[in-house]
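Participant: Structure here, sequence nowhere to be found:
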Ligand code: IMP
């Protein structure tokens, strides 16, 4: 049995990424949880030193429990089959210190070259951590294709070059509700909510 969060609990969101914060707040909205940002608590961003999404989600969530409240972290990334799963855990780092995703997207296109295999996927690991060190983690994934040229100005990160299986729009073109219907983050959230909320 997973540890549950009491109704009306306060929760720190251990992310400084505005695109993720927007989506996580929307996904939490129906669940009567008072959400506070890590930035509002003056919490620094810890170094993501683990080799995988699960390890980095735990590092971020546990670091944010320094505020004395349960904390929720998201570690996620974009994986391209023909690149051996890259950028993967390095998805944010491919955008460089100025977080310029047009550079990261251009690097994916350059490294992909003429490769015929366009299979790609997003992964999201959510970790809910308590100040006593207990954690619960959940993984969501969405498969699809990497497409060029980039399409759409909605979303964030790699959204303009990812088209989920069975869809005709990229995440960059979809309205937020359509993205939430299939996204890696929404799939991880559904498990988190079933196991730990209410
Ligand atoms: P991190 O979890 O802070 O290491 O950053 C994950 C990175 O993966 C983000 O900066 C985005 O570049 C990318 N990413 C994760 N989820 C999404 C998504 O839903 N859309 C687009 N890019 C994403």
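Facilitator: Happy to help now that I have it. Just so it is clear, the model here is predicted, and its values are computed rather than measured.
Participant: List the contacts of the one residue in the chain that gets nearest to the ligand.
Facilitator: Nearest residue of the chain to the ligand: residue 157, at 2.4 Å (CB to the nearest ligand atom). Bear in mind the C-beta positions are built from the backbone N, C-alpha and C, glycine included. Residue 157 makes contact with 19, 78, 91-92, 95, 101, 104 under the criterion CB atoms under 8 Å, 6 or more residues apart in numbering.
Participant: do you know how far residue 13 is from residue 172?
Facilitator: 23 Å (CB to CB, to the nearest Å).
Participant: isn't residue 192 right next to residue 125, touching?
Facilitator: No. Distance between residue 192 and residue 125: 10.4 Å, which falls outside the contact criterion (CB atoms under 8 Å).
Participant: shared neighbours of these two, which are they?
Facilitator: With CB under 8 Å, 6+ apart as the test, residue 192 and residue 125 both reach residue 138.
Participant: and residue 15, which of the three is it?
Facilitator: Secondary structure for residue 15, judged by DSSP: H, G, I helix; E, B strand; the rest coil, is coil.
Participant: Look up phi and psi at it.
Facilitator: Dihedral angles phi and psi of residue 15 (degrees, to the nearest 10) take the values phi -140, psi 140.
Participant: What strand or helix carries the spatially most central residue of the chain?
Facilitator: Nearest residue to the geometric centre of the chain (CA atoms, centre = their mean): residue 76, 3.8 Å. Here residue 76, judged by DSSP states H and E, is contained in strand 71-80.
Participant: Please apply the same query to residue 145.
Facilitator: Assessed by DSSP H and E, residue 145 sits inside strand 135-146.
Participant: Which strands and helices lie in contact with that strand?
Facilitator: Other helices and strands packing on strand 135-146, by 3 or more CB pairs under 8 Å, 6 or more residues apart in numbering; DSSP states H and E, are helix 53-64, strand 119-129, strand 162-164, helix 184-196.
Participant: Could you dump the ones you listed into TSV and include mean neighbour count and mean pLDDT?
Facilitator: Conversion of the helices and strands packed on strand 135-146 to TSV gives the following (neighbours: other CB atoms under 10 Å; pLDDT from 0 to 100):
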stretch	mean neighbour count	mean pLDDT
helix 53-64	23	97
strand 119-129	24	98
strand 162-164	23	98
helix 184-196	19	96
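Participant: does the most far-flung residue of the chain relative to its centre sit in a helix, a strand or a coil?
Facilitator: Using CA atoms, centre = their mean, the residue of the chain lying farthest from its centre is residue 114. It sits 28.5 Å away. Secondary structure, three-state DSSP: residue 114 is coil.
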